[in-house]
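In: This is the structure alone, sequence omitted:
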């Protein structure tokens with residue numbers, strides 16, 4: 001009960017602070033980029049509060065392994081713009097371990113990998129976007145590789161749209177539809193690389209991980225981490 005109360009309080013506080021950040025930005029009291037990053041951050045934190053409570057130990061270990069692989073997958077291909085294995089592994093975390101694990105995989109992967117790639121106002125936006133991809137993947141747990149591949153392509157472009165919104169706030173004094181379309185057009189091929197690499201990761205690892213992780217989970221009580 002205390003854990004649920006804690007999560008409700010955290011979620012409420014996150015919403016309130018996010019609204020305040022948006023209001024201050026709209027009033028022109030703080031820069032758009034800073035305000036939007038604050039709003040995204042306050043949206044991420046409540047979803048991570050109380051994550052470890054009641055979690056199955058084997059799932060936590062499996063999640064830690066997937067996050068580690070995702071981080072390495074992001075670092076390893078950093079020399080190729082937006083070609084990354086990390087989003088694919090976040091999708092697989094959501095599919096194989098559940099929605100909360102998917103969100104945690106996305107948010108933590110970005111936070112850790114950005115230690116090397118660079119932290120900034122974009123980090124909360126990246127955490128939120130990748131975490132939501134992990135949550136969405138959990139709804140596809142009963143689907144096979146082809147459907148997950150389609151989702152991976154969608155996720156790559158969706159991530160790009162979210163980050164394009166941040167870029168619009170950071171680059172333009174007056175955000176607008178035309179400003180967003182300008183940013184979106186400039187980033188299209190980067191988003192395409194992200195979508196393709198995510199799809200390839202799912203195709204390469206889904207069935208392998210489903211078999212291995214399924215074997216481990218059958219030996220432990222089921223719970224959605």
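Out: Arrived safely. Quantities reported herein were computed from a predicted structural model and do not represent experimental measurements.

In: Where do the helices of the chain begin and end?
Out: For the chain, applying DSSP state H gives helices covering 2-26, 32-48, 57-76, 86-97, 99-117, 122-138, 145-171, 177-217.

In: Comparing the ones you listed, which comes out most buried?
Out: Ranked by mean neighbour count, the helices of the chain are led by helix 86-97 with a mean of 29 (mean count of other CB atoms under 10 Å). Yep, even glycine has a C-beta here, placed from its N, CA and C like the rest.

In: Please find the angle between the direction vectors of that helix and helix 99-117.
Out: 160 degrees (axes from the mean of the first three to the mean of the last three CA atoms, to 10 degrees).

In: Packing partners of helix 86-97?
Out: helix 57-76, helix 99-117, helix 122-138, helix 145-171, helix 177-217 (3 or more CB pairs under 8 Å, 6 or more residues apart in numbering; DSSP states H and E).

In: pLDDT on the longest one, on average?
Out: Looking at helix 177-217 alone, the average pLDDT works out to 93.

In: Please apply the same query to the fourth one.
Out: Across helix 145-171, the average pLDDT comes to 92.

In: centre of the chain versus it, how much separation?
Out: 10 Å (CA atoms, centre = their mean, to the nearest Å).

In: Stretch 108-121 too?
Out: The answer for stretch 108-121 is 12 Å, by CA atoms, centre = their mean.

In: before we move on, what about stretch 67-85?
Out: Using CA atoms, centre = their mean, the mean C-alpha position of stretch 67-85 is found 14 Å from that of the whole chain.

In: ditto for stretch 71-91
Out: The answer for stretch 71-91 is 13 Å, by CA atoms, centre = their mean.
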